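Trainee: Build me a model:
(2 chains)
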2 protein chains.
Amino acid sequence: MKVAIIGAGAMGCIYGTYLSRHNEVLLVDVVKAHVDAINERGLEFVHLDGTTEIFKNMKATMDTAGYPAADIVVLLTKGYQSADALAANKSLIGPKTIVLSLQNGYGNSDEIVKFVPEEQIVLGTSGGGAIVAGPGHILHKGQGPTHVGCMTKDQSKAEIVAKLLREGGVPNVELTPDVKELVWSKVFVNVGINAICALMDDTNQCIANNEFARKASYALVQEAVGVVNAAGMHFNFEDVFKNVIDIALETGGNRASMLADVTNKRLTEVDRINGAIVSEGAKVGVAAPLNALMTNLIHAKEKLY
Amino acid sequence: MKVAIIGAGAMGCIYGTYLSRHNEVLLVDVVKAHVDAINERGLEFVHLDGTTEIFKNMKATMDTAGYPAADIVVLLTKGYQSADALAANKSLIGPKTIVLSLQNGYGNSDEIVKFVPEEQIVLGTSGGGAIVAGPGHILHKGQGPTHVGCMTKDQSKAEIVAKLLREGGVPNVELTPDVKELVWSKVFVNVGINAICALMDDTNQCIANNEFARKASYALVQEAVGVVNAAGMHFNFEDVFKNVIDIALETGGNRASMLADVTNKRLTEVDRINGAIVSEGAKVGVAAPLNALMTNLIHAKEKLY
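Mentor: Residues are numbered from 1 along each chain as shown, chains lettered A, B, ... in the order given. Okay, here's the model as predicted:
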């Protein structure tokens, strides 16, 4: 199958390498040095076991004008880049193209649905982690389960995607018909960890081990679950918060993506995480002042770059 | 008169030098190098106009056991040190000693009242600013008005203090019978500036100039005014917030005390500022979740030292 990965950063390259074993993979990115390195030397990929593999079977490009439609477009840009990225790469999207988003945060499908019908969208979450060490050079750091599901009752497109991922060697691929619950679950983890770690300049373990960071996390997640339940979901807060702490401990030494963004003076995904709680709350008339405060504090940080 | 300054940091030394012109001033501090430098070389004090004056007319000590009672004890420790500082220097407090607190934050009088009757307490606020440049070396950076008032209807003790400060050359000394209003006004300014600047690692101007820091400040001050009004005060929020912004601009280049504390890995006064809103709210059954979140975030920072 023809697969295009839009957003060939760390996560895009992980899924690109898996899928490239049995498919024709095109990596689309906006970083020229990265694209050039992949085309000239191949993608240097350091696996979880520390071994390095050079993938020369993928092409990379910054400009997809005139390219044929892909069977699957995997969208792995930052959430706030989704609309621009899809608009800039419209030629990849044909009438049957499946768009798979494994992006962080809530609200990505709101953008995707402007480009393809809901039936062709597969949403998911990935427990994977990776670092871009340099142009064309990726370090794979972790691989949790990958969950995928369709927004519609018909889950056939998610089944196609799951099969493709499993064939490529992605471990623990799970089909989740209730994709909304899935995406919110991931948002809660991010609400509980990301912005706090970004403000603390500390690794994920602080959420579990620093009693005050933990209290802050508790309050933010409690508000988030309240808002999302008011919008029609049925999460149990104590279970959700236990999961946040479990993941903070499991990934204890990791620097959360929002901390990495703030450290590297990049825009963060706070609007899709804490900000998503605020906007979801606004839809149902429930205020989310704590998550609004965190969103403002992170945006204030971005303004200081 | 015999004046003892308990807490001879930057602010303590400012008021010490003023009062030393016409009174016998004893500086009490816990930093040995600072105390020794003052006793050996005198206090090197850089005035607002840049000129340096060496004050050799003040004694400094770490141990006041056996010292006679002072007429005025000026308490200028951090708020959380008040009880320990008064207990350690009990000999300075006689049956007629006036205790003047110009400390930051709300709740300082709760500690002082355990050592002297309410009638002998004078509370106040200072718009002054200064930096400890090294042992026995103070840079005076700003001098706004000094407000003082008694907790009781009888304002005679505040009048004594005001006269003494004016005689010493303190500019703009004002008597304020409603000392509670005065102290809360200062707390609001600190709620609007301090913790945000500490998390942003930025100067006070960001509260006015960074639209997101300003939104965060707005929300925190709004909650604080709501709590304090529920506890019986009558502040107008828009006036209060205008004052926060005015002061953030006036002191634009300054690093707020809480930012200085976090930078220097010292405990902050957050419990007397944002935390005071939370505890005042608890007394009247009004929640203050935003100020609770900020209190936890600052305490989380302290835990990382």
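Trainee: Isn't A:Tyr305 up against A:Asn264?
Mentor: No - applying Cβ atoms under 8 Å, one finds A:Tyr305 not in contact with A:Asn264, separated by 9.5 Å. Every residue, glycine included, has its C-beta placed from N, CA and C.
Trainee: Checking A:Glu302 next. Helix, strand or coil?
Mentor: helix (DSSP: H, G, I helix; E, B strand; the rest coil).
Trainee: The residue lying closest to it once chain neighbours are set aside - how many residues pack around it?
Mentor: Using Cβ to Cβ, 6 or more residues apart in numbering or on different chains and skipping the chain neighbours, the partner closest in space to A:Glu302 is A:Leu267 (5.9 Å). A:Leu267 is flanked by 15 other residues according to other Cβ atoms under 10 Å in any protein chain shown.
Trainee: Next: the one 4 residues further on.
Mentor: In terms of burial, A:Asp271 registers 19 neighbours under the definition other Cβ under 10 Å.
Trainee: pretty sure the residue nearest to A:Glu302 is touching A:Met258, no?
Mentor: No - using Cβ under 8 Å, A:Leu267 and A:Met258 do not qualify as a contacting pair, with a distance of 10.3 Å.
Trainee: wait, is the residue nearest to A:Glu302 part of a helix?
Mentor: No - A:Leu267 sits outside any helix when classified using three-state DSSP, being coil.
Trainee: residues contacting A:Ala260?
Mentor: A:Arg266 (Cβ atoms under 8 Å, 6 or more residues apart in numbering or on different chains).
Trainee: next one: the helix or strand hosting it to chain centre, how far?
Mentor: Assigned by DSSP states H and E, A:Ala260 belongs to helix A:257-263. Centroid separation for helix A:257-263 versus its chain: 14 Å, with Cα atoms, centre = their mean, to the nearest Å.
Trainee: any idea of the mean pLDDT for it?
Mentor: Taken as a whole, helix A:257-263 carries a mean pLDDT of 94.
Trainee: what number of residues lie near A:Lys163?
Mentor: 12.
Trainee: which SSE is it in?
Mentor: Counting by DSSP H and E, A:Lys163 is part of helix A:156-168.
Trainee: Give me the most central residue, chain A.
Mentor: Closest residue to the average C-alpha location of chain A: A:Gln103 at 2.5 Å, with Cα atoms, centre = their mean.
Trainee: SS state for it?
Mentor: A:Gln103 ends up coil, using three-state DSSP.
Trainee: Now for it: which residues touch it?
Mentor: Neighbours of A:Gln103 in contact, by Cβ under 8 Å, 6+ apart: A:Leu75, A:Leu76, A:Thr77, A:Lys78, A:Gly79, A:Ser82, A:Arg272.
Trainee: Make CSV out of those residues and add pLDDT.
Mentor: Output for the contacts of A:Gln103, formatted as CSV (pLDDT from 0 to 100):
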residue, pLDDT
A:Leu75, 98
A:Leu76, 97
A:Thr77, 96
A:Lys78, 93
A:Gly79, 92
A:Ser82, 96
A:Arg272, 96
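Trainee: ok, of those, which one's closest to chain B?
Mentor: Comparing the contacts of A:Gln103 against chain B with Cβ to the nearest Cβ places A:Arg272 closest, at 16.4 Å.
Trainee: Relative to chain B, how far out is the nearest residue to that closest one once chain neighbours are set aside?
Mentor: The spatially closest residue to A:Arg272, leaving aside those adjacent along the chain, is A:Gly105, at 2.6 Å (Cβ to Cβ, 6+ apart). Distance of A:Gly105 to chain B, computed by Cβ to the nearest Cβ, to the nearest Å: 18 Å.
Trainee: what is the mean pLDDT for stretch A:126-136?
Mentor: 89.
Trainee: and if you look at stretch A:193-205?
Mentor: In this model, stretch A:193-205 has an average pLDDT of 97.
Trainee: For it, C-alpha coordinates in CSV please.
Mentor: Written as CSV, here are the backbone C-alpha positions of stretch A:193-205 (Å, rounded to 0.1, in the frame of the first residue of the first chain):
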residue,chain,number,x,y,z
ILE,A,193,1.6,15.5,33.6
ASN,A,194,2.5,17.8,30.8
ALA,A,195,2.0,21.4,31.8
ILE,A,196,3.1,20.8,35.4
CYS,A,197,6.4,19.2,34.2
ALA,A,198,6.9,22.1,31.8
LEU,A,199,6.5,24.7,34.6
MET,A,200,8.6,22.6,37.0
ASP,A,201,11.3,21.8,34.5
ASP,A,202,11.3,18.3,35.9
THR,A,203,10.8,14.7,34.7
ASN,A,204,7.5,12.9,34.8
GLN,A,205,8.3,11.2,38.2
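Trainee: In which helix or strand does A:Ile245 reside?
Mentor: Using DSSP H and E, A:Ile245 falls in helix A:237-250.
Trainee: what comes into contact with that helix?
Mentor: Taking Cβ under 8 Å, 6+ apart as the rule, helix A:237-250 contacts A:185, A:188-189, A:192-193, A:204-208, A:214, A:217-218, A:221-222, A:225-226.
Trainee: picking up where we left off before, next helix or strand past the helix holding A:Lys163?
Mentor: strand A:173-175.
Trainee: Close to chain B: what parts of the stretch 101-250 of chain A are there?
Mentor: Applying Cβ under 8 Å from any Cβ of the partner chain, we find that the stretch 101-250 of chain A lies next to chain B at A:196, A:199-200, A:202, A:206, A:210-213, A:215-216, A:219-220, A:223.
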